[in-house]
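Peer 1: Just need the structure, nothing else, for what follows:
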Amino acid sequence: MLKSPGQPVAVKWKPVAVLVSILIIGYVLVADVLVVDTDVHEHEGPVSLQSEDERAHDAHDGGAVAAQSAGHIGQYERQQSEKAMQLIAKADEGIADHKKQLEAVNRQLDELRQSRGKVQKDTELAQHELARVKRQLKALQDKNDQMKGSLKDTAMNNANSNNAVNGLNNALGKVQVGSDNSNRGAGAGHQNPSNVKAAKDLSAAERKRLEDESYKRHAFNQYLSSQLSVHRDIPDTRSGSCKGIKYPSKLPPATVIICFVNEAWSTLMRTLWSVLDRSPEHLLKEVILLDDSSDADWLQGPLDEEMKSLPSKVKLVRSSKRLGLIRARLLGAEHATAEYMIFLDSHCEANVGWLEPLMAWMAEDKRRVVCPTIDRIDSHSMGYFGGGGSAIGTFHWTLDFTWTYAASPDPTKALKSPTMAGGLFGINRDYFYELGSYDEGMDGWGGENIEMSFRIWQCGGQLHIIPCSRVGHIFRDSHPYTIPNSTINETFLKNSIRVAEVWMDDYKEIFYDIKPAARLVDIGDTSSRKQLRQKLNCHNFQWYMDNVVPGKLVPNAAFVKFKGQIKNELNVCMDKGASSLAYMCHPPKIQSISQAFWLTTNNEIRHVWDMCVNVMGGRVSLGGCGPSSKVWSYDPSSHEIKASGKCLTGYQSQMRLEECNHEQAQRFSFTGVMNG
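Peer 2: Residues are numbered from 1 along each chain as shown. Okay, here's the model as predicted:
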């Protein structure tokens, strides 16, 4: 290696000594040969004074001597040559040993450089974490001081009130509990001791109150979530076969896009850190946090401050106005710089090895759209539970998403999925735009996942669920946010009608039969989406039915004998939403599918969400469709619905089978009109 001027040169003496030894040996050999040649020719002279006989005699003796001398000389040369070769071999061995030593030293230097780089990186991270913790503690102290001042009188009467107020703020997401990244060094699952103490200080009744308050605000137990580390351990739910798979070392990186609006601090940070903690560095180019105009105070200044301590690959993009999930994702895609994009909801937890199988499958064909297998995070206990490894997406004729199961002998094989849930998926960025991104005529949230699923399959793409990729998701019972100038149900209906009109051809009539009021909804202009379908030369919906969901039940006139509300003379209807299956009949002005049923040619009472009324003894219940559900008959003249020789009887308290007595509770009719 060249040295800088003035820098001392370290001389390697061992190779120099070996070279000098070789030169000395060579010099000795040459000198010996020269001496021997002089001895052989010393009797020769310019004039011969001997007689003929003397010369003949001497010639005889001289030839013998010469021959003898030549033999000695050859033997001597061979001996010297062998010695030289031995010395050269030893020199070679010395050189080889020296090379090995140099290689070992170089390896040690490489290891030291790597260790030095890691130490520097860990040091920088620790410094960032320490600075963030100090800022967070200062902010918490200031907030506590403010609370103490405003609640001084109450605190005098109730020594625990300050803890309760702090706990309530935690439940509402305002105190950044659980985001203390200083617990990275303590290992995943470590809790901030102050958080544990606050929880222990609360009575069971007070804790329950705080949990209930947080559930009302976020539709999950945010108070409990706030007590958990953002780096908590979760079970590795992959099949054992997945864990031994070696993925290509060179895969394209991805941009992860997390859209949120007024998300609780603990779940947003846990989503982010699960991605950072469990993604290979070279596969994660950036994470975009897309704020859809949140107004929660903990997502204003505190989030801006938090960004200062997060890795540089985390970027915050804020929308100045409320966009809704669909348009927010479009904004996120505009800021993405990686070749592939992965969209995640803001209340997820990426599991071990989640990213590699997604990228490996997509990298083989840019038309492949992928979804991880979605594990369940319980909204009450915050427990993490593995999802079904063979679950795939499909749809009801109401255009609601639902799950079904596809038996697969290989737990690592990608599963062809007719639809996707929509919250978690990956796609090539160029293909996303080639395929038409999202329907910008849709509003808010809902229906966009079914539209994209139909479009992917009908226009030449593929949609798969990857069993070896696992991501947990909090499935909430309700939606804690609102849609500007609309409601969740209204936007979902409008979006679903656009799906039916653009992609379903004549099959849209099944949708309208279930939801007749949908025909009256203004859905805006769909001409651009129909032009997109023509431009992409997409298949018709019959192709989708034949090739993507073969065997799917089609509730046409040949299959459905009676339909509508199942209503008796007491104005009691069969209702999917009631645990007893009995509820007062909805008037026509109420749009609901909970009382929408078919009586089929299979002798089933089937709800439009593909569930059937089953008979077990004298009890009736709603469940799967099978042998115990194919038992029903209806007599329009007597208005009796029978199974096992008994009559369906409906009271406000419940539906059950009883002996037939022709009472009003047993006299049913199908209204013939769905009220969805």
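
Peer 1: alpha carbons only for contacts and neighbour counts from here, please
Peer 2: Noted.

Peer 1: who touches the closest residue to residue 515 other than its chain neighbours in this structure?
Peer 2: Nearest residue to residue 515, sequence neighbours excluded (C-alpha to C-alpha, 6 or more residues apart in numbering): residue 676, at 4.3 Å. Residues in contact with residue 676 (C-alpha atoms under 8 Å, 6 or more residues apart in numbering) are 514-517, 591-593, 596.

Peer 1: got a pLDDT number for residue 676?
Peer 2: If you check residue 676, the pLDDT there is 71.

Peer 1: how close does it sit to residue 668?
Peer 2: Here residue 676 is placed at a distance of 20 Å from residue 668 (C-alpha to C-alpha, to the nearest Å).

Peer 1: do the same with residue 367
Peer 2: Look at residue 367 and residue 668: by C-alpha to C-alpha, they are 52 Å apart.

Peer 1: before we move on, what about residue 660?
Peer 2: Taken as C-alpha to C-alpha, the span from residue 660 to residue 668 is 13 Å.

Peer 1: next one: residue 620
Peer 2: Residue 620 sits 16 Å away from residue 668 when distances are taken as C-alpha to C-alpha.

Peer 1: Then residue 494?
Peer 2: Per C-alpha to C-alpha, residue 494 is found 33 Å from residue 668.

Peer 1: got it, and residue 592?
Peer 2: Taking C-alpha to C-alpha, one finds residue 592 at 20 Å from residue 668.

Peer 1: So between the two, which is more surrounded?
Peer 2: Neighbour totals were compared for residue 592 and residue 668, and residue 668 leads with 26 against 15 (other C-alpha atoms under 10 Å).

Peer 1: Now residue 581: closest residue in space that isn't a chain neighbour?
Peer 2: Take residue 581 and drop its neighbours on the chain: the residue closest to it by C-alpha to C-alpha, 6+ apart is residue 575, 4.9 Å away.

Peer 1: List the buried residues of the host helix or strand of residue 402.
Peer 2: Here residue 402 sits within strand 401-405, counting by DSSP states H and E. Going by neighbour count (16 or more other C-alpha atoms under 10 Å), the buried part of strand 401-405 is 401-402.

Peer 1: Tell me the first helix or strand C-terminal of that strand.
Peer 2: Heading C-terminal from strand 401-405, the first helix or strand you meet, by DSSP H and E, is strand 415-416.

Peer 1: Tell me the helix or strand right after that next one.
Peer 2: For strand 415-416, the following helix or strand on the C-terminal side (DSSP H and E) is strand 425-428.

Peer 1: Contacts made by that following strand with the rest, please.
Peer 2: Contacts with strand 425-428, where a contact means C-alpha under 8 Å, 6+ apart, come from 339-344, 358, 362, 366-372.

Peer 1: for these, which one is nearest residue 423?
Peer 2: Proximity of the contacts of strand 425-428 to residue 423 (C-alpha to C-alpha) peaks at residue 344, which lies at 5.9 Å.

Peer 1: I'd like the distance between the closest residue to the closest one other than its chain neighbours and residue 354.
Peer 2: In space, and not counting its chain neighbours, residue 344 is closest to residue 424: 4.7 Å by C-alpha to C-alpha, 6+ apart. Remark: distance between residue 424 and residue 354 (C-alpha to C-alpha) = 12 Å.

Peer 1: list the residues that contact both of those two?
Peer 2: Going by C-alpha under 8 Å, 6+ apart, residues that sit against residue 424 and also against residue 354 are residue 372.

Peer 1: that's a helix at residue 273, yeah?
Peer 2: Yes - looking at residue 273 with DSSP: H, G, I helix; E, B strand; the rest coil, it is inside a helix.

Peer 1: May I ask you to confirm that it is in contact with residue 233?
Peer 2: No - between residue 273 and residue 233 there is no contact under C-alpha atoms under 8 Å: 11.9 Å.

Peer 1: Name the residue in those two with the higher neighbour count.
Peer 2: Remark: of residue 273 and residue 233, residue 273 carries more neighbours, 20 against 16, as counted by other C-alpha under 10 Å.

Peer 1: hmm, who's touching the strand or helix carrying residue 449?
Peer 2: Using DSSP H and E, residue 449 falls within helix 448-458. With C-alpha under 8 Å, 6+ apart as the test, helix 448-458 has contacts from 326, 395, 399-401, 418-422, 435, 438-439, 442, 462-463, 495-496, 499, 503, 538-541, 543-544, 548.

Peer 1: Show the buried residues in those.
Peer 2: Applying 16+ other C-alpha under 10 Å to those, the neighbour count classes 326, 395, 399-401, 418-422, 435, 438-439, 442, 462-463, 495-496, 499, 503, 538-541, 544, 548 as buried.

Peer 1: can you tell me which of those residues are in helices?
Peer 2: The helices, defined by DSSP state H, take in 326, 495-496, 499, 503, 541, 544 from those.

Peer 1: What is the end-to-end distance of stretch 254-273?
Peer 2: From its first residue to its last, stretch 254-273 covers 16 Å (C-alpha to C-alpha).

Peer 1: I'd like the distance from it to the chain centre, please.
Peer 2: Offset of stretch 254-273 from its chain centre (C-alpha atoms, centre = their mean, to the nearest Å): 13 Å.
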